[in-house]
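Q: Sharing a model that was predicted from the sequence below.
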Amino acid sequence: SAVISQKPSRDICQRGTSLTIQCQVDSQVTMMFWYRQQPGQSLTLIATANQGSEATYESGFVIDKFPISRPNLTFSTLTVSNMSPEDSSIYLCSAKYLHYEQYFGPGTRLTVT
Amino acid sequence: QKEVEQNSGPLSVPEGAIASLNCTYSDRGSQSFFWYRQYSGKSPELIMSIYSNGDKEDGRFTAQLNKASQYVSLLIRDSQPSDSATYLCAVNGADSNYQLIWGAGTKLIIKP
């Protein structure tokens, strides 16, 4: 398995501001993913982050709103920009290991007021 | 649209019984199948992976895969109250650049 940390674990932010979430993996991985999960719902993939290339965004998510950095094989950040209450959610990062399995960080609970 | 379907539940099972969770998937090219457990307020935790037809056992957990029927299941023997959680089924998309396709999850409640 893997040890993945995220910070902050939770935050309360004001409308119009931005928050950067950090994700650290304990070993080198080629692919990391960022998800959003609303309470009681399944995971929605925001983007795939490969080291050394631009992140690939899913339909409905754009780089201007969710810029992602992947500076090395153990670290990634997701920024939620110009936040609105609709961005309130749990944000999860994961890392891909052998045979497609993904391991998750503990998540960041974001509340936008 | 590639899909993974699960019964949302809740599935209520008495303590000590076998809990059976089911999942169907639409992409015939999928080769990797996973079960994750998610406790309320926590992130998903990988509990089982299966790649070939048949059964795979790990402690009280057994994953079953039938690629011809596009069906994967998870059996939990001797269910404990600590097994109460939401169980997510995830499947790789054959052409999806290592992404997983996620089911909506089944909420399992183990009653003492």
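A: Nice, thanks for sending it over.

Q: Give me every residue in chain A lying close to chain B.
A: Within chain A, the residues that sit near chain B (Cβ under 8 Å from any Cβ of the partner chain) are A:1, A:31, A:33, A:41-43, A:45, A:48, A:56, A:92, A:96, A:99-107. Bear in mind the C-beta positions are built from the backbone N, C-alpha and C, glycine included.

Q: Out of these, which sit inside strands?
A: The strands, defined by DSSP state E, take in A:M31, A:F33, A:L43, A:L45, A:T48, A:T56, A:L92, A:K96, A:Q102, A:Y103, A:F104 from the residues of chain A next to chain B.

Q: Residue numbers of chain B in contact with chain A?
A: B:32, B:34, B:42-46, B:49, B:51, B:88, B:90, B:92, B:97-100, B:102-105.

Q: Pull out the buried members of the ones in strands among the residues of chain A next to chain B.
A: A:M31, A:F33, A:L43, A:L45, A:T48, A:L92, A:K96, A:Q102, A:Y103, A:F104 (16 or more other Cβ atoms under 10 Å in any protein chain shown).

Q: what pairs with the spatially most central residue of chain A across the strands?
A: With distances taken as Cα atoms, centre = their mean, the residue of chain A nearest its centroid is A:W34 (3.4 Å). Under DSSP bridges, the beta-bridge partners of A:W34 are A:A47, A:C93.

Q: State the pLDDT value of it.
A: A:W34 is assigned a pLDDT of 98 by the prediction.

Q: The ones in strands among the residues of chain A next to chain B: which two are farthest apart?
A: A:T56 and A:Y103 (19.8 Å; Cβ to Cβ).

Q: ok, which stretches of chain B are strands?
A: Using DSSP E, the strands of chain B run over B:4-6, B:11-14, B:19-25, B:33-38, B:45-50, B:54-58, B:61-66, B:71-76, B:85-92, B:100-102, B:106-111.

Q: related to what we said a few turns ago, filter the residues of chain B next to chain A down to the buried ones.
A: Using 16+ other Cβ under 10 Å as the burial test, the residues of chain B next to chain A include B:32, B:34, B:43-44, B:46, B:49, B:88, B:90, B:92, B:98-100, B:102-105 as buried.

Q: Tell me the one among the residues you listed nearest to B:S8.
A: Nearest to B:S8 among those, with distances taken as Cβ to Cβ, is B:A104, at 5.8 Å.

Q: Okay, buried residues for stretch B:1-9 please.
A: Quick answer for stretch B:1-9 (16+ other Cβ under 10 Å): B:V4, B:Q6.

Q: Let me see the mean pLDDT of that stretch.
A: Mean pLDDT, stretch B:1-9: 89.

Q: before we move on, back to that, dump the buried ones among the ones in strands among the residues of chain A next to chain B to JSON lines, plus distance to B:S8.
A: Output for those, formatted as JSON lines (distance: Cβ to Cβ, whole Å):
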{"residue": "A:M31", "distance to B:S8": "29"}
{"residue": "A:F33", "distance to B:S8": "23"}
{"residue": "A:L43", "distance to B:S8": "15"}
{"residue": "A:L45", "distance to B:S8": "20"}
{"residue": "A:T48", "distance to B:S8": "27"}
{"residue": "A:L92", "distance to B:S8": "20"}
{"residue": "A:K96", "distance to B:S8": "27"}
{"residue": "A:Q102", "distance to B:S8": "22"}
{"residue": "A:Y103", "distance to B:S8": "25"}
{"residue": "A:F104", "distance to B:S8": "21"}
